[in-house]
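Q: Next input, structure requested:
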Amino acid sequence: MRTILEPYSFNDDPEVPTFDHGKGLVVFDHQCIFCSSFVRFVFAHDASGRFMFAAAQSRLGQALYRHYGLDTTNFSTNLVIVDGILHTKMDAFAAVMRALGFPWSILAVVNAVPRQLANAIYDLIAKNRYRIFGKYETCLMPSKELKARVVE
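A: Residues are numbered from 1 along each chain as shown. As a prediction, the model looks like this:
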């Protein structure tokens, strides 16, 4: 799935808690070490504070996964919402890299890879992420600065 073409369609869903739509949102599996590392990377390189973050296991994360018809227990993709448009899989990664600006925007070149191939690679990593990178057994405490950008 590259994007959902109805910006802010989740606004009409009473199950989805409100959040700051003026910022991008990254919804990630907080138990996944790889996914959490991605969030820490984005936080560290997001000088303008463009992104907020929510765990897929949170009330907001669960509501968004349900809203978009995605599995609410096996988080096979991060969700990235930019300007009200949902991005998943490799397109989610590319959307974040573009938003971070140069030099990270160069990594958005993954969108030049045929979508089917890019998503197959993404799916392979996602399917094996716990085995390859590990899994947090307890919730990590984010820094005060990162916690200020977490939507719960």
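Q: Kindly confirm my reading that residue 54 is in a helix.
A: No: under DSSP: H, G, I helix; E, B strand; the rest coil, residue 54 falls outside any helix and is assigned strand.
Q: what sits against it?
A: Applying C-beta atoms under 8 Å, 6 or more residues apart in numbering, one finds that residue 54 lies in contact with 19, 25, 26, 27, 28, 60, 61, 64, 150, 151, 152. Where C-beta positions appear, they are placed from N, C-alpha and C, glycine not excepted.
Q: buried subset of those residues?
A: 19, 25, 26, 27, 28, 60, 61, 64, 151 (16 or more other C-beta atoms under 10 Å).
Q: Check these and tell me the two furthest apart.
A: Farthest-apart pair in the buried ones among the contacts of residue 54 is 19 and 28; separation 14.6 Å (C-beta to C-beta).
Q: Pick out whichever of the contacts of residue 54 sits closest to residue 45.
A: Of the contacts of residue 54, the one sitting nearest to residue 45 (C-beta to C-beta) turns out to be residue 26, at 12.5 Å.
Q: List the buried residues of stretch 69-78.
A: 70, 75, 77, 78.
Q: quick one, what contacts the second one?
A: With contacts taken as C-beta under 8 Å, 6+ apart, residue 75 has the following neighbours: 28, 29, 32, 35, 56, 65.
Q: just the last one next, same as before
A: Contacts for residue 78 (C-beta under 8 Å, 6+ apart) come out as 26, 27, 28, 29, 35, 38, 56, 88, 92, 93.
Q: Kindly recompute the last result at 7 Å.
A: Taking C-beta atoms under 7 Å, 6 or more residues apart in numbering, we find residue 78 in contact with 26, 27, 28, 35, 92.
Q: Narrow the residues you listed to those in helices?
A: Mapping the contacts of residue 78 onto helices (DSSP state H) picks out 35, 92.
Q: any idea how far residue 151 is from residue 27?
A: According to C-beta to C-beta, to the nearest Å, residue 27 stands 9 Å off from residue 151.
Q: can you pull out the helices in this protein?
A: Under DSSP H, the chain gives helices at 33-45, 59-67, 89-100, 115-127, 129-133, 144-147.
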